[in-house]
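1. quick check, what structure comes out for this input:
(one chain, ligands or ions: 1)
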Amino acid sequence: MSEKIQSIRGMNDLLPEESGLWQKVEQILRSSLNGYGYQEIRMPIVEKTDLFKRSIGEVTDIVEKEMYTFEDRNGDNLTLRPEGTAGCVRAVIENGLLRGQAQRLWYTGPMFRHERPQRGRYRQFHQFGVEVFGLEGPDVDAELIAISARIWKQLGIKEVTLQLNTLGSTDSRALYREKLVAYFKQHLDQLDEDSLRRLESNPLRILDSKNSDMAALIAAAPVLEDSLDEADRAHFEQLKASLDQMGISYEINPRLVRGLDYYGRTVFEWVTTLLGAQGTICAGGRYDGLVDQIGGKATPAVGFAMGLERLVELMKEQDDFEYAAAPDAYLVLAGEQAATAGLALAEQLRSALPELQLVTNLGGGSFKAQFKRADRSAARFALVVGDDELEQGTMTVKDLKGELEQQTLSIQGVVDLLSSYN
Ligand code: HAM
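-> The predicted model follows:
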């Protein structure tokens, strides 16, 4: 035997026992967004590296340390997307979607970051993202948060809280930046290497530092709130009022700055304590300056992305979580004649019940062996066809949960029974 080839660290297979649950989650997300009038957009997984540098920011962890960047055979510098917003902005500009109209969009798919893998943090992970272009008011920010709150309900997620902050407009942030640089310059001896480097290029990111030696210094730093202008404040106040009216509670977290540079005004994260260190299941905010920065006509924009691995993990952590992927029925074919007729019978049932999940016994086997497989499939019913049934045009229905008596029914009878359980 040759040596086994293994998967890449931090990049996981999604196995059949899990994929049903993922499909269910994805279906809930899709139908929720479609229900609010948002439309799907699909972008390539690979983009030019410059797109991410210019949007996410040169001095961010993602761009400095985490991107999967390579030269292709033409010598073009390309990157596996670490997130979806940059590509979405590129796509709406390039395809002329911003001309005189708002766009409400969603996307889903794999993203790639070379981070240290741990629970809830992977090198290939999946996001479900939502982006709105062309609307500047806080009503959009509020709707996006309402959408996410509704999705938690539909997924049965209870233990999650909303953290909210405003980063202000570009002008307010410039003012704040000056104050922050002045403050940190008074304490240069307490800054670590990363922070010293960021002092000039991106001082706000120092606030995001995980270095516990700097926690006290950061806690005493000036807060952005004091630098906000009137319009920033009004935007934030209206957002909070909308959330209050919808009964969505939130915590204001003045230290919430996010790891990507394109944000201004509203930023938010939904966090849970049930997943250990990687507790943010959804994050986003406003990025009114980005479209212009990527070469489009200045257009306000706001969005968020959920991490699907974390969502699924969190669903499983809920006390009342219940999920079992199981077909409705397993067709047992006893005898040679039945084995031949079985596929046609199965097709007949599928035509009558398009939603039916039916596993047909393939590859023969004794009656006993087939029943074992039916049990293992976790199907609710075993449908047995032997010589007698074949002759009479019937099936014997055995309830594998043991609630109903075994009965022999006409094909129509079987259809009626299954449809009442479907
Ligand atoms: P982000 O905070 O970098 O924002 O990622 C959003 C979510 O993706 C995180 O909250 C987390 O649930 C998930 N996530 C991120 N990295 C990983 C990882 N290594 N493993 C597993 N899950 C991960 C963005 O990506 C922005 N594009 C969000 C956005 C959209 N803002 C505006 N529009």
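
2. was I right to think Ala305 contacts Ala86?
-> No - in this structure Ala305 lies outside contact range of Ala86 using Cβ atoms under 8 Å: 11.6 Å. Every residue, glycine included, has its C-beta placed from N, CA and C.

3. which strands and helices sit next to the helix or strand harbouring Arg104?
-> Under the criterion of DSSP states H and E, Arg104 resides in strand 103-112. Under the contact definition 3 or more Cβ pairs under 8 Å, 6 or more residues apart in numbering; DSSP states H and E, strand 103-112 sits against helix 16-35, strand 39-40, helix 85-94, strand 124-133.

4. that one near the ligand at all?
-> No - counting by Cβ under 6 Å from any ligand atom, the ligand is not contacted by strand 103-112; separation bottoms out at 7.0 Å.

5. can you tell me how far Gly109 sits from the ligand?
-> 12 Å (Cβ to the nearest ligand atom, to the nearest Å).

6. OK, contacts around that residue?
-> By Cβ atoms under 8 Å, 6 or more residues apart in numbering, the residues touching Gly109 are 42, 45, 84, 126-127.

7. in the sheet, who's paired with it?
-> Assessed by DSSP bridges, Gly109 has beta-bridge partners Gln127.

8. can you report how many residues lie near the spatially closest residue to Met43 that is not a sequence neighbour?
-> Of all residues not flanking Met43 in the chain, Gly87 sits nearest, at 4.1 Å (Cβ to Cβ, 6 or more residues apart in numbering). As a burial measure, Gly87 scores 24 neighbours (other Cβ atoms under 10 Å).

9. beta partners of His304?
-> One thing to correct before we go on: residue 304 is Phe, not His. Residues in a beta bridge with Phe304, per DSSP bridges, are Val130, Gly284.

10. hmm, it is touching Ala149, no?
-> No - shown here, Phe304 and Ala149 do not form a contact pair, counting by Cβ under 8 Å, at 11.6 Å.

11. the two - which one has more neighbours?
-> Counted by other Cβ under 10 Å, Phe304 and Ala149 do not tie: Phe304 has more neighbours, with 24 against 19.

12. list the contacts of that one.
-> Going by Cβ under 8 Å, 6+ apart, Phe304 touches 129-130, 144, 148, 268, 282-285.

13. save those as JSON lines, and put in pLDDT and neighbour count too.
-> Formatted as JSON lines, those follow (pLDDT from 0 to 100; neighbours: other Cβ atoms under 10 Å):
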{"residue": "Gly129", "pLDDT": "98", "neighbour count": "23"}
{"residue": "Val130", "pLDDT": "98", "neighbour count": "27"}
{"residue": "Leu144", "pLDDT": "98", "neighbour count": "25"}
{"residue": "Ser148", "pLDDT": "98", "neighbour count": "21"}
{"residue": "Phe268", "pLDDT": "98", "neighbour count": "27"}
{"residue": "Cys282", "pLDDT": "98", "neighbour count": "25"}
{"residue": "Ala283", "pLDDT": "98", "neighbour count": "21"}
{"residue": "Gly284", "pLDDT": "98", "neighbour count": "26"}
{"residue": "Gly285", "pLDDT": "97", "neighbour count": "24"}
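
14. and these, which is closest to Pro254?
-> The shortest approach to Pro254 among the contacts of Phe304 belongs to Phe268, at 13.0 Å (Cβ to Cβ).

15. part of a helix, is the closest one?
-> No - Phe268 is assigned strand when assessed by DSSP: H, G, I helix; E, B strand; the rest coil, not a helix.

16. what bridges to it?
-> Phe268 forms beta bridges with Leu164, Gly284, as assigned by DSSP bridges.

17. still on that earlier bit, and the strand holding Arg104, how far out from the chain's middle?
-> Relative to its chain's centre, strand 103-112 lies at 9 Å (Cα atoms, centre = their mean, to the nearest Å).

18. I'd like to check the angle between that strand and helix 16-35, please.
-> Interaxial angle, strand 103-112 versus helix 16-35 (axes from the mean of the first three to the mean of the last three Cα atoms, to 10 degrees): 160 degrees.

19. taking the chain, what residue is nearest to the ligand?
-> Gly307 (2.4 Å; Cβ to the nearest ligand atom).

20. let me see the contact set for that residue.
-> Gly307 neighbours (Cβ under 8 Å, 6+ apart): 120, 125-127, 280-282.

21. which among those are in contact with the ligand?
-> Near the ligand, by the rule Cβ under 6 Å from any ligand atom, you find 120, 125, 127, 280-282 out of the contacts of Gly307.

22. stretch 200-217 near the ligand at all?
-> No - against the ligand, stretch 200-217 shows no contacts by Cβ under 6 Å from any ligand atom, the least distance being 11.4 Å.

23. about what we covered before: looking only at neighbour counts, state which of Ala305 and Ala86 leads.
-> Ala86 (24 against 21).

24. could you export stretch 370-389 as CSV, CA atoms only?
-> Taking C-alpha atoms only, stretch 370-389 is exported to CSV below (Å, rounded to 0.1, in the frame of the first residue of the first chain):
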residue,chain,number,x,y,z
GLN,A,370,-31.7,-6.2,5.1
PHE,A,371,-33.6,-5.5,8.3
LYS,A,372,-30.4,-4.8,10.0
ARG,A,373,-29.5,-2.2,7.4
ALA,A,374,-33.0,-0.7,7.7
ASP,A,375,-32.4,-0.3,11.4
ARG,A,376,-29.0,1.2,10.9
SER,A,377,-30.4,3.7,8.4
ALA,A,378,-32.6,5.0,11.3
ALA,A,379,-35.6,5.1,8.9
ARG,A,380,-39.0,5.3,10.6
PHE,A,381,-40.6,2.6,8.4
ALA,A,382,-39.4,-0.6,6.7
LEU,A,383,-41.4,-1.3,3.6
VAL,A,384,-41.2,-5.0,2.8
VAL,A,385,-41.9,-6.5,-0.6
GLY,A,386,-41.7,-10.3,-1.0
ASP,A,387,-43.3,-12.7,-3.4
ASP,A,388,-46.7,-12.5,-1.9
GLU,A,389,-46.7,-8.7,-1.8
